[in-house]
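*Asks:* Provided below for reference: sequence and predicted model.
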Amino acid sequence: DVQLQASGGGLVQAGGLLRLSCKASGVTFDHYAIGWFRQAPGKEREGVACISSVDGIKYGESVKDRFTISSDNAKKTVYLQMNSLKPEDTAVYYCATDKYAMLCATMQADYWGKGTQVTVSS
């Protein structure tokens, strides 16, 4: 079974930083794609960043140059380093993956972890 566990959220002031972690089990890191999504109250879910053994790394426009996605394959963990946080980054952040390592191209996930809340105060 694929399971994803996100952690690392919290409350931070604008301009601050946080690092989210996504621990994956049941995922083969030789051929994978794992992404971060977020959803703010009243807004649609948004793709934030994705890392894949097939398609490399992709970022959403709103976080490019501020967020960095990386993976530690030995630990089966994907990280999202979030710098220069803004109040508009406030959301529940989810990590997700798919069956065929196409997530970074399709942004259509098959498996989701429980979210972690990120709140950025102004």
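*Replies:* Received the coordinates, thanks. Residues are numbered from 1 along each chain as shown.

*Asks:* just the element for residue 42, please.
*Replies:* Counting by DSSP states H and E, there is no helix or strand that carries residue 42.

*Asks:* what's around it, how many residues?
*Replies:* 5 (other C-beta atoms under 10 Å). Using the backbone N, CA and C atoms, a C-beta is placed for each residue, glycine as well.

*Asks:* nearest spatial neighbour of the residue positioned nearest the centre of the chain, chain-adjacent residues omitted?
*Replies:* The chain has residue 36 as the residue nearest its centroid, 2.0 Å off, counting by C-alpha atoms, centre = their mean. Distance criterion C-beta to C-beta, 6 or more residues apart in numbering; nearest residue to residue 36, sequence neighbours excluded, is residue 48 at 4.3 Å.

*Asks:* can you pull out the strands in this structure?
*Replies:* 3-7, 10-13, 18-25, 33-39, 46-52, 56-59, 67-72, 77-82, 91-97, 111-112, 116-121 (DSSP state E).

*Asks:* which ones are touching residue 99?
*Replies:* Counting by C-beta atoms under 8 Å, 6 or more residues apart in numbering, residue 99 touches residue 110.

*Asks:* check what pLDDT it gets.
*Replies:* Looking at residue 99, its pLDDT stands at 95.

*Asks:* residue 94 and residue 6 touch, don't they?
*Replies:* Yes. When contacts are counted by C-beta atoms under 8 Å, residue 94 is listed as touching residue 6 (6.4 Å).

*Asks:* any residues in contact with both of the two?
*Replies:* 113, 114, 115, 116.
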